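Please work out how this folds:
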Amino acid sequence: TSQQMLKDGIRYAIERKHNEQSLVAQQAQLEAIFDAQQDIVLLYDPQRTVRRVNHIFQETYGFDPVGMPLEEIIAQVHCRTLDGQPLVMESQPTPQALRGKRVAGARFLVQNKDGRDRVVETSSSPLLVANDLAGSVTVWHDITELQEMRQNLQEANEALQKQTAELEAQT
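Predicted structure coming up:
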């Protein structure tokens, strides 16, 4: 009957409005999570172009990479292996993620906007929408201070071992 159709239409409109409000709330939550990250977060499309990045990237490197291909970003930040060698593009985390593989813990040297080398630990995962590859998410975690502390600790340990050996040789 027409009354039932009217009731169904109203129920549908209410459900649709509720779903829209829920999506808006979820989007706001994701935006807040994205912006609260202290690590750099980059979203790439399947063609290796940055579609989104959080504010930390521009603050650290001095430019906005949105719309840039991965190769251009790597060139701009002078990304290279820990021993200073050029990168092999296809072995990088983002291209691997765009082939469906999750990569965690890859480490690279990059230069910040002040020209100082930084050590970043990078992870990348495929971004799937309904089981289709829609891009990738890549995170850069700056571990420079941790690397420096490890180096200082190793040097102090070596010096202590040397002093211990000298003391033992004197006795």
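
Not counting its own residues, what contacts the lengthiest strand in the chain?
In terms of residue count, the longest strand belonging to the chain (DSSP state E) is strand 117-129. With C-beta atoms under 8 Å, 6 or more residues apart in numbering as the test, strand 117-129 has contacts from 40, 43, 60, 82, 93-94, 96-98, 100-112, 133-144, 147. All C-beta spots, glycine's among them, are computed from the backbone N, C-alpha and C.

so what's the backbone phi/psi at the closest residue to residue 57 other than its chain neighbours?
If the residues on either side of it in the chain are set aside, residue 57 comes closest to residue 40, at 4.7 Å by C-beta to C-beta, 6 or more residues apart in numbering. Recorded main-chain torsions at residue 40 are phi -80, psi 130, according to degrees, to the nearest 10.

returning to that earlier point: C-terminal to the longest strand of the chain, what's the next element?
Per DSSP states H and E, strand 117-129 leads on to strand 132-142 as the next helix or strand towards the C-terminus.

partners of that following strand in the sheet?
As defined by DSSP bridges, the strand partners of strand 132-142 come to strand 40-44 (antiparallel), strand 117-129 (antiparallel).

and it, how far out from the chain's middle?
Its chain's C-alpha centre and that of strand 132-142 lie 6 Å apart, by C-alpha atoms, centre = their mean, to the nearest Å.

residues contacting the residue nearest in space to the middle of the chain?
Here the mean C-alpha position of the chain is nearest to the C-alpha of residue 139 (C-alpha atoms, centre = their mean), at a distance of 1.0 Å. Remark: with contacts taken as C-beta under 8 Å, 6+ apart, residue 139 is in contact with 37, 39-42, 122-124.
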